[in-house]
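> Sequence and predicted model, in that order:
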Amino acid sequence: VEGAEDNEELAVKDLQSIGLTAKDTVIGIAASGRTPYVISGLRYAKQIGATTGSIACNKGAEISKYADVSVEVETGPEILTGSTRLKAGTAQKMVLNMISTASMIGIGKVYKNLMVDVQATNFKLKERAKRIIMEATDVDDKTAARYYEAARGHVKTAIVMILLQCSYEEATERLQKANGFVRQALQ
């Protein structure tokens, strides 16, 4: 939408339309650190009790005032003045990658350094799932495939079954009690 970045009311409408609640987190992103749409969205999110964060590419950014946690990545001027998709956009993407990676670890989708909550919806992903099982448990490909099938295509369950030499039912129960965290399920 042309001109949306200056529309403060639109930010509030957009957040209301997705049913934003106090249980949510909103991260405002603005290379300049002063985009009205982003500031308004952060203000509204804070007003309803949501956790807020901001990512800007200037020190002392305006949006940082409205964030519980702010990240200011000083990228300096762009090679092409005003083209914030270059250094600023790349820096912001890197910060978002770090946030999403930390989030995946925090919610139990990682075991060791492996993404173990893979949804294997095609051949390539099924092969990846088996390789993850092999790496996590140090078994050969045939053993990984056998346990992957026995675990009904669930990588975490297969890992627990192999490492504890337990049944599908016990592995599932352990993972449930551990809220999906493999490391805790193994204890």
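Arrived safely, thanks for sending. Numbers count the residues shown, from 1 in each chain.
> what about Thr81, distance to Ala88?
To Ala88, Thr81 is 12 Å away according to C-beta to C-beta, to the nearest Å. Using the backbone N, CA and C atoms, a C-beta is placed for each residue, glycine as well.
> So which of those two has more stuff around it?
Ala88 (24 against 6; other C-beta atoms under 10 Å).
> just checking, that one touches Ala31?
Yes - counting by C-beta atoms under 8 Å, Ala88 touches Ala31, with 3.8 Å between them.
> before we move on, which element is the residue nearest to Ile159 when sequence neighbours are not counted in?
The shortest distance from Ile159 to any non-neighbouring residue, by C-beta to C-beta, 6 or more residues apart in numbering, is to Ala136 (4.9 Å). Taking DSSP states H and E as the definition, Ala136 sits inside helix 123-137.
> got a list of what Ala150 touches?
Ala158, Met161, Tyr168 (C-beta atoms under 8 Å, 6 or more residues apart in numbering).
> returning to that earlier point: ok, the residue nearest to Ile159 - contacts?
So Ala136 contacts Tyr111, Lys112, Leu114, Val116, Ile159, Leu163, Val182 (C-beta under 8 Å, 6+ apart).
> farthest pair in those?
Leu114 and Leu163 (13.0 Å; C-beta to C-beta).
> Now the lengthiest helix in the chain: buried residues?
When the chain is parsed with DSSP state H, its longest helix is helix 87-106. Neighbour counts over helix 87-106 (16 or more other C-beta atoms under 10 Å) mark Lys87, Ala88, Gly89, Ala91, Gln92, Val95, Ile99 as buried.
> show me what contacts the second one?
Yep, that's Ala88 we're talking about. Contacts of Ala88 by C-beta under 8 Å, 6+ apart are Ala31, Cys57, Thr75, Glu78.
> quick one: it from Ala50, how far?
From Ala88 to Ala50 the distance is 25 Å (C-beta to C-beta).
> Just the pLDDT for Gly82.
Predicted confidence (pLDDT) for Gly82: 75.
> Show me the protein divided up by domain.
4-107, 110-186 (the TED database).
> residues contacting the spatially most central residue of the chain?
Residue closest to the average C-alpha location in the chain (C-alpha atoms, centre = their mean): Ser100, at 2.7 Å. Contacts for Ser100 were tallied using C-beta under 8 Å, 6+ apart; there are none.
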